[in-house]
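Asks: A predicted structure for the sequence below; I have some questions about it.
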Amino acid sequence: MSRSWDIFCCVVDNYGDIGVTWRLARQLATEHDQRVRLWVDELAAFVRLCPEATVTASVQHHAGVEVRQWPRDWQPVEPAEVVIEAFACRLPALFEAAMASRTPAPLWLNLEYLSAEDWVAGCHGLSSPQPDGLQKHFFFPGFGPATGGLLREGDLLARRRAFQANGQAQQAFLARLGVQRSPEERLISLFAYENRGLASWLEALTEVTRPTRLLIPEGRIQADLQAWLAGPALRAGDSCQRGNLRINVLPFVRQEEYDQLLWCCDLNAVRGEDSFLRAQWAGRPMLWHIYPQEDGAHWDKLQAFLDQYCQTLAPDAARAVGELWRAWNAGEDMAGPWQRWLACEGDLQRHAEAWSSDRGAETDLASNLLRFSERMRDA
Ligand SMILES: Cc1cn([C@H]2C[C@H](O)[C@@H](COP(=O)(O)OP(=O)(O)O[C@H]3O[C@@H](C)[C@H](O)[C@@H](O)[C@H]3O)O2)c(=O)[nH]c1=O
């Protein structure tokens, strides 16, 4: 049944908040025939992911979604049947008042950040009564059936596998980004925050016998790359060679193409929340640079994921992944961890595909949201 949805996204920094809400909005509209308005306070971030969008339009339509500029000076609108505030962003007071006076009241959900920690299952779906009489429900994405699940389009794994089975399609895609891959190269994508450990990893890559091609979309890691190269700044489209390492700097591509980039690579270094999940769906080994929190809470989050991810891996491969990820997140020397990771690469490749298939058999987040909203309506 088609219902109306308001999704609110406040862009804190980076692209994760808009990355997740844009995917969700698109999937609800195109796959589940829902009527979706996506409110975004920073359209410039949205335009990076969806380049045909414009920063100046107060209303625009893309992929079946009505994208609205979330104005500072809020103008009254009728709330939708389901209202999602993403990542605890604060709804406009006027809008909240309109929700309270709507009959029936909208279903109000706070979509939380993804975490593999144990407490997530206990908190998923809890509700909290608000002073204006409304109930707010907490919806937690996560791993396993007691959580809200993971964002995944219905045909994602089939599309990914078809692309990975088609060498020509991959070659054509990479060529459009200015990359001519040789078959013997190990292809690595690198999307990360600033990282002191980068130089030691690059150094190690120059010496590995099998040549490496490193694809770096323009972004925050570039200053560390530049410092290591100690040469003129590389821009999108530029490339350089050091020992057995060839580096290509890529343009920041639209969100759908970023998926394809991940599907092409033998290893994906990713960051934040959304690219981290997309790397899992790519079915290829990954290296996660988690979004660092001031109180260090990200370390528990990292370990909780490693505990789940490594459960069915052989002990040496599990150790190698943990060691590499911890070194990367601490900005430490990557040389030793990288050698030990390479020794387990075959196991890690098989595991990445199995992990993606197993998670792909679980109900996805958009479907869980729909079920939850139907259950609450009938309650
Ligand atoms: C490199 C690249 C990324 N992308 C997309 C993929 C993702 O949707 C998005 C990146 O988002 P993330 O991987 O989540 O990383 P991020 O670092 O940009 O976002 C982070 O922001 C913090 C404020 C949040 O708290 C974190 O949880 C996290 O989400 O950018 C492209 O579309 N094209 C590209 O070329």
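Replies: Right, received. Where do you want to start?

Asks: Now do the contacts for residue 161.
Replies: Listed by CB atoms under 8 Å, 6 or more residues apart in numbering, the contact partners of residue 161 are residue 283. Backbone N, C-alpha and C define where each C-beta goes, glycine included.

Asks: Next, the buried residues of the particular helix or strand that has it in it.
Replies: Following DSSP states H and E, one finds residue 161 within helix 156-164. In terms of neighbour count (16 or more other CB atoms under 10 Å), helix 156-164 has its buried residues at 156, 157, 159, 160, 163, 164.

Asks: Taking this structure, what residue is nearest to the ligand?
Replies: For the chain and the ligand, the shortest gap (CB to the nearest ligand atom) falls at residue 16, measuring 1.6 Å.

Asks: Over to the nearest residue to that residue once chain neighbours are set aside: give its phi and psi.
Replies: Of all residues not flanking residue 16 in the chain, residue 272 sits nearest, at 4.2 Å (CB to CB, 6 or more residues apart in numbering). The phi/psi pair for residue 272 (degrees, to the nearest 10) reads phi 60, psi -140.

Asks: And residue 246, by the same measure?
Replies: Backbone torsions of residue 246, given as degrees, to the nearest 10, read phi -110, psi 130.

Asks: what about it, how many neighbours?
Replies: Using other CB atoms under 10 Å, residue 246 is surrounded by 19 other residues.

Asks: Could you list the contact residues of the stretch 101-250 of the chain toward the ligand?
Replies: Proximity of the stretch 101-250 of the chain to the ligand is confined to 113, 191, 217 under the rule CB under 6 Å from any ligand atom.

Asks: Neighbour-wise, give me the winner out of those.
Replies: Highest neighbour count within those: residue 191, with 25 neighbours (other CB under 10 Å).

Asks: List the contacts of that residue.
Replies: 216, 217, 219, 221, 268, 269, 270, 271, 275.

Asks: if we can go back for a sec, now intersect the residues of the stretch 101-250 of the chain next to the ligand with the strands, please.
Replies: Among those, the residues falling in strands (DSSP state E) are residue 217.

Asks: rewinding a little: could you dump the contacts of residue 191 into JSON lines and include secondary structure?
Replies: Listed next are the contacts of residue 191 as JSON lines, based on DSSP: H, G, I helix; E, B strand; the rest coil:
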{"residue": "216", "secondary structure": "strand"}
{"residue": "217", "secondary structure": "strand"}
{"residue": "219", "secondary structure": "coil"}
{"residue": "221", "secondary structure": "coil"}
{"residue": "268", "secondary structure": "strand"}
{"residue": "269", "secondary structure": "strand"}
{"residue": "270", "secondary structure": "strand"}
{"residue": "271", "secondary structure": "strand"}
{"residue": "275", "secondary structure": "helix"}
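
Asks: pLDDT for the residues you listed - can I get that in a markdown table?
Replies: Below are those laid out as a markdown table (pLDDT from 0 to 100):
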| residue | pLDDT |
| --- | --- |
| 216 | 98 |
| 217 | 97 |
| 219 | 94 |
| 221 | 95 |
| 268 | 98 |
| 269 | 98 |
| 270 | 98 |
| 271 | 98 |
| 275 | 98 |
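
Asks: next structured bit after the helix or strand in which residue 25 is found?
Replies: Assigned by DSSP H and E, residue 25 belongs to helix 16-32. Under the assignment DSSP H and E, the closest C-terminal helix or strand after helix 16-32 is strand 35-40.

Asks: Up against the ligand, what does the stretch 251-379 of the chain have?
Replies: 252, 253, 255, 258, 271, 272, 273, 274, 275, 276, 291.

Asks: By neighbours, which of these wins?
Replies: residue 275 (27 neighbours).

Asks: Return the residues in contact with that one.
Replies: Contacts of residue 275 (CB under 8 Å, 6+ apart): 19, 191, 258, 262, 268.

Asks: Export the contacts of residue 191 to CSV and append columns for distance to residue 68.
Replies: What follows is the contacts of residue 191, written out as CSV (distance: CB to CB, whole Å):
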residue, distance to residue 68
216, 34
217, 28
219, 27
221, 33
268, 33
269, 34
270, 29
271, 28
275, 25
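
Asks: Run through the helices of the stretch 151-300 of the chain in chain order.
Replies: Listed in chain order, the helices of the stretch 151-300 of the chain (DSSP state H, counting those that start in this stretch) span 156-164, 167-176, 198-207, 222-229, 255-264, 274-281, 297-309.

Asks: could you say what helices and strands the fifth one packs with?
Replies: Packing contacts for helix 255-264, counted by 3 or more CB pairs under 8 Å, 6 or more residues apart in numbering; DSSP states H and E, involve helix 16-32, helix 156-164, helix 167-176, strand 186-190, strand 212-217, helix 274-281.

Asks: Mind listing residues that contact the host helix or strand of residue 320?
Replies: Using DSSP H and E, the element containing residue 320 is helix 315-330. If you take CB under 8 Å, 6+ apart as the criterion, helix 315-330 is touched by 192, 195, 197, 201, 269, 287-290, 292, 298-299, 302, 306, 309-310, 313, 332-334, 337-338, 340-341, 343-344, 347-348, 351.
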